Structure formats: structure tokens, C-alpha cells
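K.L.:
Sequence below, structure please.
(one chain, ligands or ions: 1)
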Amino acid sequence: MGSEVTESAVAVAESGQGARVSIKAVPRHVAIIMDGNGRWAKRRFLPRIEGHRNGAKSVRMLVEECRRLGIRYLTLFAFSTENWRRPQDEVGGLMSLFVQHLESELELLLKNGIRLRAMGDTSRLPAAVREMLRRNEERTKDMTGMDLILAVSYGGRDELVQAARKMAVAAKAGQLDPASITEESFAQHLYLPDVPDPDLMIRTSDETRISNFLLWQLAYAEIVVSPVLWPDFSRDEFHRCLDVFAGRNRRFGLTQEQLQGA
Ligand code: FPP
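P.N.:
Predicted structure coming up:
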């Protein structure tokens, strides 16, 4: 169920590299809905794309911090299937931003041992974005320090539908017995079956919805809502979210007594 945490934050704290000592354990997989870029820009009378541009700075900080803390998987909701309906200039601006950052951050990924992976209906993306994603995925495929997963053109329902479609095709071809389908075999047809479920999902800007993000994978995730708009999301605020997570009592449907006896 993706419940494991690592003790590496403690190690970092003890080694005196500046991490706050209050973190007892860090989640293995953190997923983030980076929300509030538009409002950040609006408050400053700037075009929305400036919010996204400043949001990209928070992405860089977060990637470096997750790597430093030993968080093994980081999934970022960069662009949803619904976002295609935004004004054309905003969609175009975001696509250009993705190309720029995928181009400029490759060295950072390699230097830090980070593997980049994309999840979503990438066939809808402009060729330049697809090509950059493909290049970075290929160049970083042997990195084992951390997986940075970009959900782009991603929708949770879309992912479930395409999984169901793949299984229906196999069943129709006589390669799959519908009675044999289990939660585990179903999950094997999702975009990244080897990636464990997120332990922690953070959404910024005080919004409390899941918004079609990782509908299957978030079943047991702890959800932490941050009031901060994404471009202002700082290392301190991230640590506060991790502290909240560390204080939660995860029971996975069991009783407290069962967990204590385990
Ligand atoms: C949601 O804020 C944010 C997005 C739809 C885009 C997220 C993209 C980035 C942070 C840019 C850089 C990303 C990478 C991976 C380089 P919103 O626009 O919905 O904000 P609002 O709710 O205030 O309008």
C-alpha cells in the first residue's frame, strides 16, 4: 500500500546539513498539486504565465529538497487533461515553459541522480515537449537516487479508462479471464505500475479537492493542504507539511490495536 517511510531525514538532520530535526521520518512518495500560480500573478497585476514562471522556481527548490531528504518518488501535477481548455496563450506559454525547463534542468537531474518520468496522455502534447520529455527520460533512465514524475496532460479518470480499455482488449483476445482481475492486476495497467502509491499528497493555495489527480493511487495517501500559493511555496513550508504528515496516524482501515500488535 505504499506505506513505507525512510529514516533518511533523521540521518540528514544528524549530519548537520541544515534539515530541521523535528522530522522523524519522511514519506517514500510525495505527490503535489501545485496550485495558485494564477492568483499569485493576479495579486501582482501580472499575466498568469508569470505565476507559472515563478512556480517553476518552487519546483526546482522542491526537487532539490526531496532529493536531499531521501524522498524516493516525487510526482508533480504539471498539466491536467482539463487544463487543455484554458486560453490558448496560457497553454502555449506553459508548453514553452516545460520545454525551457526540461532543456535547462537536465544537468541538475544528472548531477543529483534523478530519473525523470512522464505520466499522462503525452500524445496530445506539442512535438517539442514530447521530444524533450523523451530525451530527458532516456538520458536519466539509469539514475536511481529519486524518480521525478511529471503528470502532464494527465487525468485520473483518463488513466483508469485506458487501463480498463487495455484489459478489455486482452479479454476480447482471450488472453485475460475477467474473473481473474484483482486490484493488483488492475494496477499493473496504470501508467507507472512499478511506482508505489503516494504516502503524502500536498495541495497548495488552500484548495481541498483532488481534481482528478491519481484517483487510484491516492486511496490511502495522507492529504495536507497548504495555504501558500505555489510560487511562494518555500522549503520551510514544505517541512511544515512533512511535520504534519509525520504526526498523522495511518491505519489503512485497521484498528489501532491491530496496528500495535503487528
Ligand atoms: C495551477 O495553478 C498550476 C498549473 C496548472 C501549472 C503548474 C505548472 C508549473 C508550476 C510550471 C512549471 C512546471 C514545471 C514542471 C517546470 P493555477 O494556474 O490553476 O492557479 P490559480 O488556481 O490561482 O488560477
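
K.L.:
so where is this structure shaky, pLDDT-wise?
P.N.:
Along the chain, segments meeting pLDDT under 70 span 1-24.

K.L.:
Those residues of it touching the ligand, which are they?
P.N.:
Residues of the chain lying close to the ligand (Cβ under 6 Å from any ligand atom) are 34-39, 52, 55-56, 59, 76, 78, 83, 97-98, 101, 150, 230. Bear in mind the C-beta positions are built from the backbone N, C-alpha and C, glycine included.

K.L.:
Tell me which residue in the stretch 101-250 of the chain sits closest to the ligand.
P.N.:
Nearest residue of the stretch 101-250 of the chain to the ligand (Cβ to the nearest ligand atom) works out as residue 101 at 3.8 Å.

K.L.:
and the gap between the residue nearest to that residue when sequence neighbours are not counted and residue 75?
P.N.:
Nearest non-adjacent residue to residue 101, counting by Cβ to Cβ, 6 or more residues apart in numbering: residue 56, 5.6 Å away. Separation of residue 56 from residue 75 (Cβ to Cβ, to the nearest Å) stands at 16 Å.

K.L.:
Can you get me a residue count around the spatially closest residue to residue 35 that is not a sequence neighbour?
P.N.:
Nearest residue to residue 35 in three dimensions, chain neighbours excluded: residue 205, at 4.2 Å (Cβ to Cβ, 6+ apart). Look at residue 205: counted by other Cβ atoms under 10 Å, it has 20 neighbours.

K.L.:
and the residue nearest to residue 105 when sequence neighbours are not counted, backbone torsions?
P.N.:
Distances taken as Cβ to Cβ, 6+ apart put residue 60 closest to residue 105, at 7.1 Å, once the chain neighbours are dropped. Backbone torsions of residue 60, given as degrees, to the nearest 10, read phi -60, psi -50.

K.L.:
same check, this time on residue 153
P.N.:
phi 50, psi 40.
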